[in-house]
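> below is the sequence, then the predicted model.
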Amino acid sequence: DAKTTQPTSMDCAEGRAANLPCNHSTISGNEYVYWYRQIHSQGPQYIIHGLKNNETNEMASLIITEDRKSSTLILPHATLRDTAVYYCIVRVSGGNAGNMLTFGGGTRLMVKP
Amino acid sequence: GAVVSQHPSWVICKSGTSVKIECRSLDFQATTMFWYRQFPKQSLMLMATSNEGSKATYEQGVEKDKFLINHASLTLSTLTVTSAHPEDSSFYICGGASNTGELFFGEGSRLTVL
């Protein structure tokens, strides 16, 4: 799986949009971009994933650049409960061999009042 | 999303004893389950991959005789830490892969070996 690069930490004011960047310049054509987050002392929580089109769900939006070498996770109105470590992962979707997730360091997002 | 449940959520044991952690997929069938370990202030590290009805595949450096994994059904996988020692103290997390390819995680199990 392709490696990703994320900033170590970010701060965001409560109620503002949190934009978390991720670089994945070696992504392959069949690899998806996944985002998970981990709140302290809990298991990772799935947020969103996409291949090349922008995606939106009830939690967040995912913006993938046209060359797919980078992406941004957007939390439109961050709350204190969004404080967590956010992981950007690229991997092939589907099939047993591709289901493993390799976690990097992630971005520690701190939402402040 | 799909629900994966782990039990126990935390356990304290004496050195030399064995501890079993259960991982259940509650509303989907997970043909593949993954076990991760996370030390304080570090990221998740994959320990092993298990497929229902077959032997688990362990990552390099993970002792298969120490970390016994059983995946007897499509909804249950267990990790047994045998002869646990203080250095095995960690946060253990399981994940189940759905038939659409997404991976859903349990709440984690914190093991403390005295």
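Everything's here; your move. On a predicted model such as this, the values are computed, not experimentally measured, just so you know.
> start to end distance for stretch A:35-44?
Stretch A:35-44 stretches 10 Å from its first residue to its last (CA to CA, to the nearest Å).
> now check it, is it near chain B?
Yes. Stretch A:35-44 is in contact with chain B by CB under 8 Å from any CB of the partner chain, via A:36, A:38, A:41, A:42, A:43, A:44. From N, CA and C alone the C-beta is placed, and that goes for glycine too.
> who's in contact with residue 50?
Since no chain was named, I'll use chain A. Residue A:50 sits next to A:32, A:33, A:62, A:64, A:71 when contact means CB atoms under 8 Å, 6 or more residues apart in numbering or on different chains.
> wait, chain B
By CB under 8 Å, 6+ apart, the contact set of residue B:50 is B:32, B:33, B:34, B:35, B:56, B:57, B:69, B:70, B:71, B:77.
> can you tell me the closest non-neighbouring residue to the residue nearest the centre of chain B?
The residue lying closest to the centre of chain B (CA atoms, centre = their mean) is residue B:35, at 3.8 Å. Distances taken as CB to CB, 6 or more residues apart in numbering or on different chains place residue B:47 nearest to residue B:35, at 4.6 Å, with adjacent residues excluded.
> does the one you found touch residue B:37 like I think?
Yes. Residue B:47 is within contact range of residue B:37, at 5.3 Å (criterion: CB atoms under 8 Å).
> now, which of the contacts of residue B:50 sits nearest residue A:24?
For the contacts of residue B:50, the closest approach to residue A:24 (CB to CB) belongs to residue B:34, at 21.0 Å.
> where's that closest one relative to residue B:58, distance?
Applying CB to CB, to the nearest Å, the value for residue B:34 to residue B:58 is 12 Å.
> what of residue A:107?
Shown here: residue A:107 relative to residue B:58, a distance of 30 Å by CB to CB.
> now residue A:64
34 Å.
> strands along the chain, start to end?
Answering for chain A, as no chain was given. A:9-13, A:18-23, A:31-38, A:45-50, A:55-56, A:61-64, A:70-75, A:84-92, A:107-112 (DSSP state E).
> sorry, should have said chain B
Under the criterion DSSP E, chain B contains strands at B:4-7, B:10-13, B:19-25, B:32-38, B:45-51, B:57-58, B:67-73, B:76-81, B:90-97, B:103-105, B:109-113.
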